[in-house]
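# just a sequence and a predicted model for now, questions to come.
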Amino acid sequence: MGSMQEDLNAKQTDVNADGIATLSADSYTLEDRIRFQTMLEELFKIYESIKPMLPDSVTSELDKWLNQENVDNFGYFVNVCKYLRSATSDKRGCDLVVTADGVNFQTITRNGFGDNNNHGLRVFAVTNSGLSVGTANPYHGTQIWNLNDGTTVTSATLSAGNAFTYDKYDAAAKRQNSAGLNVGINFNGNTVSDVQYDYASLTAGKDYVVNADGSGISLTSTFLNAQKTGSAGSVTIFFNRGARVKFTVTITDGTPSTPQPSPSPAAPSKPAADKADKTSAGKTDGTTANTGSAVFGVAFAAAVLVLAAGVMLKLRRRD
C-alpha cells in the first residue's frame, strides 16, 4: 500500500532521460498495479454487501476513500500505464491530423507533439494567432499548443478609430437618419466572416453591408435606429484569418421636440391702471365726505360754547 501511495503522489519531475515519465520504482511493476486494482474492486464489492450492518461511525470514514469514484479512477490510471508500456516511443502520445476536404489528410503529430505523455487532446479554440489545442497529460499537466499554416498574415485594422456615435436624426436632411454608420477598415486582403453586436451575430445585407469600394463596412440605419437611445454597443468583426477588430457605437437621438400649440388669446379686460384709478377716486370721494362731516362738527361745537358763554355772562349781571 505504501508503494502504491508513493506512485499516486509521484512528482511531475520523475521522468527518464528520454522525457518519458517512469511508472514507479523497479520493485513496483505494472503487474502489481493490475493486481491491486483487482483487489480494490473485490474489496469494494465486499464492503457494499456488509455496509448496512456497519455502524455509521465506521461507514462515514470508509466512504471517504472506498467508493466507486476512486475505484474507477484507479482503473483509468492502470489503463494509461498499460498504454504507455505497450506503445513504442514513436507511437506514444496523441495523434492529430487535418483535412480540407475530408478525404486527404495531413499529419500534424503522431507522438503528442514530442511528449509521449500527451495521450489526448481535449480543447480546441480559434484565436487571433491560430488554432490552440490543449493536451491531456497525467504526469506533467496540460499543455497549450498553437497551430497555424506558417503563412505570414497581416491582420485587418480600423482606419478611423474605435469609438463611434450614431444619431438617429439627420440634422442636415431634417428627418430620421437613413444613411447608417460607415466604419473604415483596412482589410489587408482579408474578408469578413462574421459581425457581432453585443456578442450577437448580425445578418449581412440587413444589419450591415461590406462597402463595395472596399473602404470598410456600414451598419444599416434600420438596425441602428432600432437600438435603445443612450446605449453603447460593442461591435466585433471576424475575418477569414488574422485578428478580429472591435469598436463601440453610442446611440443618440437629436430629433427636435414636437412644437407646443400657441395659447388662445385671453378675453379683453380693462387695464389695471383704470381700476386702480377708480379705486383711488372712490377713496378720494370718501375722504372728502368724511372731512366735511368733521368740519361741521367742529363748527357746531363752537356755536354751543359761544351760546353757553353768553348765558353765563347774563346770569352774572343779574347778580
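Yes, it's here.

# sketch out the low-pLDDT regions of this structure for me.
Residue ranges of the chain with pLDDT under 70: 1-28, 87-91, 128, 258-319.

# residue 64 and residue 70, how far apart?
Residue 64 is 9 Å from residue 70, where distance means C-beta to C-beta, to the nearest Å. All C-beta spots, glycine's among them, are computed from the backbone N, C-alpha and C.

# ditto for residue 100
Applying C-beta to C-beta to residue 100 and residue 70 gives a distance of 45 Å.

# who has more neighbours out of the two?
residue 70 (13 against 8; other C-beta atoms under 10 Å).

# which SS state does the more buried one fall under?
Here residue 70 is helix, with the state taken from DSSP: H, G, I helix; E, B strand; the rest coil.

# what of residue 58?
Secondary structure state of residue 58, per three-state DSSP, is helix.

# tally of neighbours for it?
11.

# look up which residues are beta-bridged to residue 169.
residue 176 (DSSP bridges).

# do you know how far it is from residue 180?
14 Å.

# more neighbours: which of these two?
A count of neighbours by other C-beta under 10 Å puts residue 180 above the other of residue 169 and residue 180, at 19 against 15.

# I figured the more buried one was touching residue 225, is that so?
No. Using C-beta atoms under 8 Å as the test, residue 180 is too far from residue 225 to be in contact (9.2 Å).

# how about residue 183, nearest residue that isn't a chain neighbour?
Leaving aside its chain neighbours, residue 183 sits nearest to residue 216 (5.0 Å; criterion: C-beta to C-beta, 6 or more residues apart in numbering).

# quick one: residues contacting that neighbour.
Residue 216 makes contact with 159, 182, 183, 184, 185, according to C-beta atoms under 8 Å, 6 or more residues apart in numbering.

# do the same with residue 156
If a contact means C-beta under 8 Å, 6+ apart, then residue 156 has 185, 186, 187, 188, 190, 237, 239, 242, 243, 245 as its contacts.

# out of those residues, which is nearest to residue 205?
Relative to residue 205, the closest of the contacts of residue 156 is residue 237; by C-beta to C-beta it sits at 15.5 Å.

# quick check: bridge partners of the closest one?
The partner list for residue 237 in beta bridges (DSSP bridges) reads residue 195, residue 245.

# touching, it and residue 185? I think so.
Yes. Using C-beta under 8 Å, residue 237 is in contact with residue 185, at 7.3 Å.

# now residue 210: how far from residue 193?
For residue 210, the distance to residue 193 - C-beta to C-beta - is 11 Å.

# ChimeraX command to pick out the buried ones of the contacts of residue 216?
Selection of buried members from those for ChimeraX, criterion 16 or more other C-beta atoms under 10 Å:
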select :183,185
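
# wait, which of the contacts of residue 216 is closest to residue 36?
Distances from residue 36 to those, taken by C-beta to C-beta, are shortest for residue 185, at 62.8 Å.

# wait, is that closest one part of a strand?
Yes. Counting by three-state DSSP, residue 185 is found in a strand.

# could you double-check that it lies in contact with residue 208?
No. Residue 185 is beyond contact range of residue 208, at 11.7 Å (criterion: C-beta under 8 Å).

# from residue 150, how far off is the spatially closest residue to residue 159 that is not a sequence neighbour?
Nearest residue to residue 159, sequence neighbours excluded (C-beta to C-beta, 6+ apart): residue 184, at 3.7 Å. Plainly put, residue 184 is 30 Å away from residue 150 if you go by C-beta to C-beta.
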